[in-house]
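[1] no letters, just coordinates:
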């Protein structure tokens, strides 16, 4: 399936998922899940093709980085989104020290870095928009709990979409893809060790969770769909 065909299929599924056009909740959920699965498979196909080309060329995976500047005081959504990038988009995220800002280096293969930067800005805008909409609907909304729910709902959907997409590949194809990801990760890890030295992990803080805000965020997070900008793929 070429890029235009993939985009047309995803658009058609998103139209089917539009409840304002009469779709039931079940139909909407099914269509959204299929759209995400198609995009996930496209992402895996693209990664395999790029990695195979580099392997045939006899060269090691190329490592690139891009910087994102965040405010000195991070929004509660920022760390959650950065954790999603690192766990689901084949990149490493390094937070640096800045005088007036918090610079963030996003490191990986050039195409994955480009996609991760797109995803970061997309999710940051989406998280803020969802929160601004939600806080108008309840008396005592809790921002951190809502963002945690968004993160967990989206993460569950990303995991499910990946499992469904991987099941459509043969065992040999899955093994080949996993090996390529391991090889790319090793190159990224060496690059990080050489450039940054020993890094300190940030500890997450345990805090009270407002169940109403969390549950609402998790339900909303399950509906977020991240589509690679195909025109630039």
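    Now that the structure is in, tell me what you want to look at. Everything numeric here is computed off the predicted structure, so don't read it as measured data.
[2] pretty sure residue 105 belongs to a strand, no?
    Yes - in this structure, residue 105 lies within a strand as judged by DSSP: H, G, I helix; E, B strand; the rest coil.
[3] helices of the chain, start to end?
    3-16, 25-56, 76-88, 110-134, 143-167, 171-196, 211-221 (DSSP state H).
[4] so who does the nearest residue to residue 135 once chain neighbours are set aside touch?
    Nearest residue to residue 135, sequence neighbours excluded (CB to CB, 6 or more residues apart in numbering): residue 141, at 4.4 Å. Every C-beta, even on glycine, is put in place using the N, C-alpha and C of the backbone. Each residue near residue 141 by CB atoms under 8 Å, 6 or more residues apart in numbering is listed here: 131, 134-135, 210, 213.
[5] equivalent analysis for residue 160, please.
    residue 33.
[6] again, 6 Å this time
    By CB atoms under 6 Å, 6 or more residues apart in numbering, the contact set of residue 160 is empty.
[7] need phi/psi at residue 169.
    phi -90, psi 160 (degrees, to the nearest 10).
[8] and it, how far is that from residue 83?
    26 Å (CB to CB, to the nearest Å).
[9] and what of residue 210?
    Residue 210 is 20 Å from residue 83, by CB to CB.
[10] okay, who's weakest in the contacts of residue 141 by pLDDT?
    On pLDDT alone, residue 210 ranks lowest of these, at 89.
[11] now that residue. Nearest residue, chain neighbours left out?
    Nearest one to residue 210, counting by CB to CB, 6+ apart, is residue 142 at 3.6 Å.
[12] tell me the pLDDT at the one you found?
    For residue 142, pLDDT reads 95.
[13] pretty sure it contacts residue 213?
    Yes - in this structure residue 142 lies within contact range of residue 213 using CB atoms under 6 Å: 4.2 Å.
[14] re the thing from before, got phi/psi on the residue nearest to residue 135?
    Taking degrees, to the nearest 10 as the convention, residue 141 sits at phi -70, psi 150.
[15] looking at residue 210 and residue 83, which one has more neighbours?
    Neighbour count, other CB atoms under 10 Å: between residue 210 and residue 83, residue 210 has more, with 20 against 15.
[16] now do the phi/psi pair for the more buried one.
    According to degrees, to the nearest 10, residue 210 has phi -80, psi 110.
[17] just residue 135 next, same as before
    phi -60, psi -20.
[18] and for it, the neighbour number?
    15.
[19] ok, now residue 124?
    Neighbours around residue 124, by other CB under 10 Å: 17.
[20] how about the nearest residue to it, chain neighbours excluded?
    residue 81 (6.0 Å).
[21] isn't that neighbour up against residue 123?
    Yes - in this structure, residue 81 is within contact of residue 123 by CB under 6 Å, at 4.8 Å.
[22] low-confidence stretches in the chain?
    Residue ranges of the chain with pLDDT under 70: 1-11, 13-23, 25, 28, 32, 35-37, 39, 42-61, 200-206, 227-233.
[23] give me phi/psi at the residue of it most remote from its centre?
    Largest separation from the mean C-alpha position in the chain: residue 139, at 30.7 Å (CA atoms, centre = their mean). With angles defined as degrees, to the nearest 10, residue 139 sits at phi -70, psi -50.
[24] ditto for residue 223
    phi -100, psi -10.
[25] what about it, distance to residue 154?
    Remark: distance between residue 223 and residue 154 (CB to CB) = 9 Å.
[26] confirm for me that residue 157 is in contact with residue 223.
    No - between residue 157 and residue 223 there is no contact, the gap being 8.2 Å when judged by CB under 6 Å.
[27] of these two, who's got more company?
    residue 157 (20 against 15).
[28] sounds good, over and out.
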